[in-house]
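Trainee: coords below, sequence missing:
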């Protein structure tokens, strides 16, 4: 066996380059991009090796470890989990900054390879700069914190461990059933240690995404349940996107005449003009979808983990005899909530299920009711998104304008705060995919960083980022990253002067406004309330910026942003009290003992609707 002596850093870089994936018949680098901030623990050995392979895997410099890893997450999502981004950091605070991004990847079942430095394996220099010392266990470092938010975790204390660890890390990230982030911690001295690696370890490896096939007996059981249903409903989740099963979903629904509703992750899995698409379900959904869920006697959940915002904390389903069939590649998700699990890839499973249902076509009356309630929702959306002269802009109006002005191939992206609900509730899908609401972890700060990563994945089309003032303040430095690296975005900053959506929840649950809106924050000064000039701030980072006074100026500003040669921010003031509403209950954790009438009434109102929450789920 031929061997080659390499350092740990050399071997790691060489292995990453050797990993390829076939996407639509084209062979590409599996690890298509890398984000790095160098410091103690990854600069002396690993940075040079990344430079040596930058013609294959380009490395971009982020401004913050959290945001650059979130850019890598968005990169993977934009590539439908078929290509993976790498993020590398120093030890200590550099690594710790990335933990939140790991949570985003973990909650959303997205691949992310994180590589951080660690303290010295020899321990001879201890305690070193940026080392957190644990009196009872010297093996613990900051990197151990990643164990809670990764699918695969390892500390490389000998270079030869890469032979075992790297294939397992890659397989974890590529397996649709276990997909999530992987973490490798490498002590500072180990980076430079050598081993005589077998050359075959670095041979080109061509990967393909697995498509697990369902058991015939489970498909038959699911078909029997469907055959006996009167009012079946499909819940389309994000797994439809990753399986590339939109056409199969459409064909299955149309063949058997079954209405479809979408989760947040499953938005834009079916075009909005399809009469079977009854809109988004759940807390951030539509009354039309929730009506259909409330009257369905069987739910076919495809590629969804049935999160509480989808199910209204399990209150949207009202039929006492409801049956759930779950098609999912992940056993963990397929068996949830007493469902009949069909463990398999959506694109391959739906046609197999359809074969078992030959000749079965469900009630026209049921689908006609779906069309009726969906048209009512669409009319409500039209009302929400239409500006009223003299009124301050609303989130819904911004969403409607972006919906109208974006072009084929453009991606729209948002995350935490009020925008996910407003986007999910009001968006009318004109194209499949190209729609990213990070709501698995609901992570403030994902928006601008994610926009940067999505643009790297889709360089030929615009990425439109919708971000609130709160998230902007938390994480905005990748405006500069996008200008520095030449990845133009359109960033729409919606300024409602605080954390307005949480203020809404605070008030709706009987609490007084406190510490959310800027005007309700504690100040030790009097006089005019200090406000951020977001346009000037974006300009200071090298972007273009346009501050508009209302929606009557939005179209012109958006056209200028479209024509611009670099990232452009459009800043608009938003009414903090103008919200799209959906009649859906949600568990929010209220006090069992109340001390005032206001809170008592809120608790009583909330508890009144608990009767719909399904027991035993």
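Mentor: Here it is on my side, so go on. Since we're looking at a predicted model, the values are computed, not measured.
Trainee: Tell me how far the closest residue to residue 99 other than its chain neighbours lies from residue 376.
Mentor: Distances taken as CB to CB, 6 or more residues apart in numbering place residue 145 nearest to residue 99, at 5.7 Å, with adjacent residues excluded. In this view, the C-beta of every residue, glycine as well, is placed from N, C-alpha and C. Distance, residue 145 to residue 376, by CB to CB, to the nearest Å: 48 Å.
Trainee: between those two, who's got more neighbours?
Mentor: Neighbours were counted for residue 145 and for residue 376 using other CB atoms under 10 Å; residue 145 has more, 17 against 14.
Trainee: Now the more buried one. Its backbone dihedrals?
Mentor: Phi and psi for residue 145, reported as degrees, to the nearest 10, are phi -60, psi -20.
Trainee: Could you measure from it over to residue 415?
Mentor: Following CB to CB, the distance that separates residue 145 from residue 415 is 22 Å.
Trainee: What confidence value was assigned to the residue most central in space within the chain?
Mentor: The chain has residue 438 as the residue nearest its centroid, 3.1 Å off, counting by CA atoms, centre = their mean. Residue 438 carries a pLDDT value of 97.
Trainee: quick one: low-confidence ranges for the stretch 351-500 of the chain?
Mentor: By pLDDT under 70, the stretch 351-500 of the chain has no low-scoring segment.
Trainee: would you list every one of the strands in it?
Mentor: Remark: strands assigned in the stretch 351-500 of the chain by DSSP state E, counting those that start in this stretch are 411-414, 435-437, 463-468, 490-495.
Trainee: Residue 368 is nearest to which of these?
Mentor: strand 435-437 (27.7 Å; CB to CB).
Trainee: What is the burial count for residue 121?
Mentor: Residue 121 has 17 nearby residues by other CB under 10 Å.
Trainee: and what of the one 5 residues further on?
Mentor: Each residue near residue 126 was counted by other CB under 10 Å, and the total is 11.
Trainee: In three-state terms, label it for me.
Mentor: coil (DSSP: H, G, I helix; E, B strand; the rest coil).
Trainee: pLDDT score for it?
Mentor: 93.
Trainee: quick one: which of the strands of the stretch 351-500 of the chain is nearest residue 282?
Mentor: strand 435-437 (12.3 Å).
Trainee: helices or strands up against that closest one?
Mentor: Packing contacts for strand 435-437, counted by 3 or more CB pairs under 8 Å, 6 or more residues apart in numbering; DSSP states H and E, involve helix 65-78, strand 411-414, helix 419-426.
Trainee: can you rerun that using 6 Å?
Mentor: strand 411-414 (3 or more CB pairs under 6 Å, 6 or more residues apart in numbering; DSSP states H and E).
Trainee: Nearest residue to residue 43 in space, please, no chain neighbours.
Mentor: Distances taken as CB to CB, 6+ apart place residue 90 nearest to residue 43, at 7.2 Å, with adjacent residues excluded.
Trainee: Please identify which of the strands of the stretch 351-500 of the chain is closest to residue 180.
Mentor: Of all the strands of the stretch 351-500 of the chain, strand 435-437 comes closest under CB to CB, at 17.4 Å.
Trainee: what's the neighbour count on the closest residue to residue 108 other than its chain neighbours?
Mentor: Using CB to CB, 6+ apart and skipping the chain neighbours, the partner closest in space to residue 108 is residue 440 (3.9 Å). Per other CB under 10 Å, the neighbour tally for residue 440 reads 21.
Trainee: what residue ranges in this structure score low on pLDDT?
Mentor: 615-617.
Trainee: In it, which helix is the longest?
Mentor: Secondary structure of the chain read by DSSP state H shows that its longest helix is helix 364-385.
Trainee: tilt between that helix and helix 419-426?
Mentor: Taking axes from the mean of the first three to the mean of the last three CA atoms, to 10 degrees, one finds that helix 364-385 is oriented at 130 degrees with respect to helix 419-426.
Trainee: Other residues contacting helix 364-385?
Mentor: 231, 257, 259, 275, 278-279, 286-288, 291-292, 396-397, 400, 426, 580 (CB atoms under 6 Å, 6 or more residues apart in numbering).
Trainee: try 7 Å this time
Mentor: With contacts defined as CB atoms under 7 Å, 6 or more residues apart in numbering, helix 364-385 is touched by 231, 257, 259, 275-276, 278-279, 286-288, 291-292, 396-397, 399-400, 426, 428, 580.
Trainee: and the residues you listed, which are buried?
Mentor: Neighbour counting over the contacts of helix 364-385 (16 or more other CB atoms under 10 Å) leaves 231, 259, 276, 278-279, 286-288, 291-292, 396-397, 399-400, 426, 428, 580 as the buried ones.
Trainee: out of the residues you listed, which are inside helices?
Mentor: Going by DSSP H, the helices hold 287-288, 291-292, 396-397, 399-400, 426 from the buried ones among the contacts of helix 364-385.
Trainee: Give me the neighbour count for residue 202.
Mentor: With other CB under 10 Å as criterion, residue 202 counts 15.
Trainee: Wait, it touches residue 18, no?
Mentor: Yes: at 5.2 Å, residue 202 counts as touching residue 18 under the criterion of CB atoms under 7 Å.
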